[in-house]
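S.K.: Sequence plus the predicted model coming up.
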Amino acid sequence: MARTRGPAPGIMAPLAHAPFRTLVAGRVLMLFGNGMATVALAFAVLDVTGSLAQVGLVVGARSIANVALLLLGGVLADRLPRALVVQGACVLAALTQGLLALTLLTGTATLAVMMVLSALNGAAAAANLPALAALTPQTVPHTLLRQANALAGIAKQLGMFAGMSAGGVLVGLVGPGWAIGVDALLFAAAGAVFLFLRVPSTAVPGGGSVLRDLLDGWSEFVARPWVWIIVLQFMVVNAGWSATTSVLGPGIADETFGRTTWGLVMAANSVGLLVGGILAARWQPRRALFFGTSLVTLQTLPFFVLADPAPVVPLLFAAMFLGGVAVEQFSVAWEVSVQENIPPERLSRVYSYDALGSFVAMPVGQIAIGPVAEAIGPGRSILIVAGLTIAATLAAIATPSVRSLRRR
């Protein structure tokens, strides 16, 4: 096909399309609330139980439910209108977070209650994730995919940054229950926004079996080695990152620099992700996937700072920021690579296999890291996580399929 040369569309070009504006607005509301809840949940469990191991159980329950239902979520998002799937998931998320906030604010929260509600929230995320990921290419022309994914990432990080900053302040001033309650309200608002999302339907009538749909999605997933190689890499990367930021980091913060600062540190990572999205929208090399995957090694920088018995807070802010810049380069390259190469009618199922593989080890890391840290210390635990992350990333970029893939 002949390619015309000319200036690339600007980063704001996708906003000319109303469906994309609606999609971004709904996601920002969700992510603002999730940013608050990310900071608040670990501290809520610590307030109720006082145990890092039990923090791991609560966040692990969410991840287990999320992983267990991701494939079904992908099938639903390919069979049904994706906007409808997202609306239903937002309602479930609002209900679960609202109930969790109520139990925390009334002093009736127990470990069992928090685990059940966390698991139900994970089920909502299992429906949301494949549908939202596959909606972006339905809202803009193909020529704007890179800009759209970068802009969506920027909006995501703005929401997370604002949410984490507000969450850190709320947790420090009035407690984690209020932050989780605001998350519930924001999910309800996001569901209302998604009522106005109008996109062309790619839904396939559910005449066949769910198993047949899953096998079709699997065939697309394994047909391209770079897809499953990156997913295997992120099985390790995500497990390490979630174990550190949802269990070890809050525990270290409680013992050293404080809860509010931890919320701001996480927000610094979101600022880095935002800046990384701006850079990716303006330029990426033709071998963007190789470039972005290589930069994932920089996500370990905060681990080395946290491993110190007395973390240097300014250095931690800088490391979180640089790690975010690096990882968003990968994220944009990955989204564009998948959306350019996977048929639209199977895209949600491929995203669900991607999420399943990338997230399957997260509950293991979250649940196991607490006892490991109590046995050998948080610092040594984090260094092990950093080493595994670097090893997995080097193995991925050593493969020809990752090194050779080029943008269209």
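M.R.: Done, it's in. Numbers count the residues shown, from 1 in each chain.
S.K.: shaky segments in the stretch 201-350 of the chain?
M.R.: Along the stretch 201-350 of the chain, segments meeting pLDDT under 70 span 201-208.
S.K.: Now with 50, please.
M.R.: Nowhere does the stretch 201-350 of the chain drop to pLDDT under 50.
S.K.: which stretches of it form strands?
M.R.: For the stretch 201-350 of the chain, no strands are identified by DSSP state E, counting those that start in this stretch.
S.K.: which residues are contacting stretch 306-322?
M.R.: Identification of contacts with stretch 306-322 by CB atoms under 8 Å, 6 or more residues apart in numbering yields 244, 248-249, 252, 256-257, 261, 264-266, 268-269, 271-272, 275, 298, 301-302, 304-305, 378-380, 382-383, 386. From N, CA and C alone the C-beta is placed, and that goes for glycine too.
S.K.: Repeat the analysis, applying 7 Å as the threshold.
M.R.: Identification of contacts with stretch 306-322 by CB atoms under 7 Å, 6 or more residues apart in numbering yields 249, 252, 256-257, 261, 265, 268-269, 271-272, 298, 301-302, 305, 379, 382-383.
S.K.: Which of those are buried? Put it as a ChimeraX command.
M.R.: Written as a ChimeraX command, the selection of buried residues from those, which uses 16 or more other CB atoms under 10 Å, is:
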select :249,252,257,261,265,268,269,271,272,298,301,302,305,379,382,383
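S.K.: Next step: the contacts of stretch 306-322 restricted to helices.
M.R.: By the criterion of DSSP state H, membership of these in helices covers 249, 252, 261, 265, 268-269, 271-272, 301-302, 305, 379, 382-383.
S.K.: Distance to residue 192 for those - can I get that in JSON lines?
M.R.: Shown next, in JSON lines, are those (distance: CB to CB, whole Å):
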{"residue": "249", "distance to residue 192": "33"}
{"residue": "252", "distance to residue 192": "38"}
{"residue": "261", "distance to residue 192": "34"}
{"residue": "265", "distance to residue 192": "32"}
{"residue": "268", "distance to residue 192": "31"}
{"residue": "269", "distance to residue 192": "29"}
{"residue": "271", "distance to residue 192": "28"}
{"residue": "272", "distance to residue 192": "31"}
{"residue": "301", "distance to residue 192": "39"}
{"residue": "302", "distance to residue 192": "36"}
{"residue": "305", "distance to residue 192": "41"}
{"residue": "379", "distance to residue 192": "45"}
{"residue": "382", "distance to residue 192": "41"}
{"residue": "383", "distance to residue 192": "45"}
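S.K.: tell me which of these is nearest to residue 19?
M.R.: residue 271 (27.7 Å; CB to CB).
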